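Novice: Please work out how this folds:
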Amino acid sequence: MSSSTELKHPRPMGTDIATHFDVSKAKDVEAAARCALTAIGRVHGDGAQPMIPIQPSRRIVPRGVYTPQGGKTVPQGIRIKVTGTTQAFDVVHEVFHALDHRVWGYRNLYGTEADTGGQRFTAIKALVAESRPIKQLEARKKTQRAYVSVPGRPGEPGHRALVEVDQGLLTYLTNPSESLARAYAQYIATRSGDSQLLLELTRIRGRSIHTVYPEQWSDEEFEVIAGAFDRLFEDEKWLALK
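Specialist: Residues are numbered from 1 along each chain as shown. So this is what the prediction gives:
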């Protein structure tokens with residue numbers, strides 16, 4: 001058996017991550033939350049951390065959001081858009097933000113964006129920054145418009161449309177915390193082999209807007225990033241490589 005094959009089957013260690021996330025009020029997104037946590041649990045465990053609630057939301061604009069400190073109108077924890085079509089994938093994405101804040105961060109600082117994360121993210125951040133999707137996003141910052149393929153109706157050909165480039169979205173997508181969260185979600189999907197997560201990953205990569213704002217990686221180019229995540233969680237003693 002080759003070493004690359006062995007890396008695809010890590011053995012989780014530590015605490016079952018599902019014990020640190022409360023889905024009692026997840027309601028419309030409970031199935032997605034349980035799917036995500038089960039998939040993560042097949043890949044790695046985690047260390048001690050406080051309970052984090054997962055709840056549905058009809059108001060948020062992004063597909064999901066993690067709020068470190070709640071208030072009167074915004075609850076603390078993870079909220080997932082009830083009308084989203086990639087809810088399980090989005091839960092995994094937000095779980096990374098929660099770990100980044102609660103485990104590797106300090107107060108309101110995230111480990112991927114501050115010294116609190118130490119050197120643990122150096123290798124992954126470098127690989128992600130040099131990857132094709134991130135380089136495409138960085139190059140897109142120099143343009144004002146881009147063509148996007150628009151699928152036609154059944155039986156009709158599609159067409160290309162010229163769209164304005166959203167510079168704010170590019171800044172968001174190239175933020176290290178966000179790019180690593182997207183990479184983590186793809187890592188869990190591929191390492192767990194969960195059919196729902198893989199379906200949602202395919203759905204994201206198949207969106208026409210993905211040609212303008214590539215969020216995820218091809219299977220081939222992602223393998224080296226996945227290996228870096230393996231080593232990160234092995235160092236954390238959250239998994240063992242068989």
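Novice: show me where pLDDT drops low in this protein?
Specialist: Where the chain drops to pLDDT under 70, the residues are 1-8, 70-75, 115-118, 148-158.
Novice: any idea how far stretch 25-42 is from the chain center?
Specialist: Its chain's average C-alpha position is 14 Å from that of stretch 25-42, according to CA atoms, centre = their mean, to the nearest Å.
Novice: With stretch 91-105 instead?
Specialist: 10 Å.
Novice: Repeat that for stretch 35-54.
Specialist: Averaging C-alpha positions (CA atoms, centre = their mean) puts stretch 35-54 14 Å from its chain's average.
Novice: do stretch 99-107 as well
Specialist: 16 Å.
Novice: SS state for Thr202?
Specialist: Under DSSP: H, G, I helix; E, B strand; the rest coil, Thr202 falls in the helix class.
Novice: what's the spacing between it and His210?
Specialist: Per CB to CB, to the nearest Å, Thr202 is found 11 Å from His210. Quick note: C-beta positions are derived from backbone N, CA and C, even for glycine.
Novice: Name the residue in those two with the higher neighbour count.
Specialist: Set Thr202 next to His210 and count neighbours by other CB atoms under 10 Å: His210 wins out with 16 against 12.
Novice: now the nearest residue to the more buried one once chain neighbours are set aside: how far from Ser177?
Specialist: In space, and not counting its chain neighbours, His210 is closest to Ile204: 6.7 Å by CB to CB, 6 or more residues apart in numbering. Using CB to CB, Ile204 is found at 18 Å from Ser177.
Novice: just Ile78 next, same as before
Specialist: 15 Å.
Novice: Next: Pro53.
Specialist: Counting by CB to CB, the gap between Pro53 and Ser177 amounts to 21 Å.
Novice: now do Thr112
Specialist: Thr112 sits 5 Å away from Ser177, going by CB to CB.
Novice: Looking at these two now, which is surrounded by more residues?
Specialist: Legend: neighbour count by other CB under 10 Å for Thr112 and Ser177, higher for Thr112 (25 against 19).
Novice: ok, that one touching His101?
Specialist: No. Contact criterion CB atoms under 8 Å: Thr112 and His101 do not qualify, at 9.6 Å.
Novice: Cross-check Val163 against the secondary structure; I expect a strand.
Specialist: Yes. Counting by three-state DSSP, Val163 falls inside a strand.
Novice: Around it, how many other residues sit close by?
Specialist: When neighbours are counted by other CB under 10 Å, Val163 comes out with 14.
Novice: surely it meets Arg140?
Specialist: No. Counting by CB under 8 Å, Val163 stays clear of Arg140, with 11.4 Å between them.
Novice: any residues in contact with both of those two?
Specialist: Residues within reach of Val163 and of Arg140 at once, by CB atoms under 8 Å, 6 or more residues apart in numbering, are 146, 212.
Novice: Which stretches in this protein count as helices?
Specialist: Along the chain, counting by DSSP state H, helices occupy 3-6, 30-43, 87-102, 122-129, 132-140, 167-174, 176-192, 195-205, 219-235.
Novice: what's the burial count for the closest residue to Asp100 other than its chain neighbours?
Specialist: Using CB to CB, 6+ apart and skipping residues adjacent in sequence, the residue nearest Asp100 is Tyr110, 4.6 Å away. A count of nearby residues for Tyr110, using other CB under 10 Å, gives 22.
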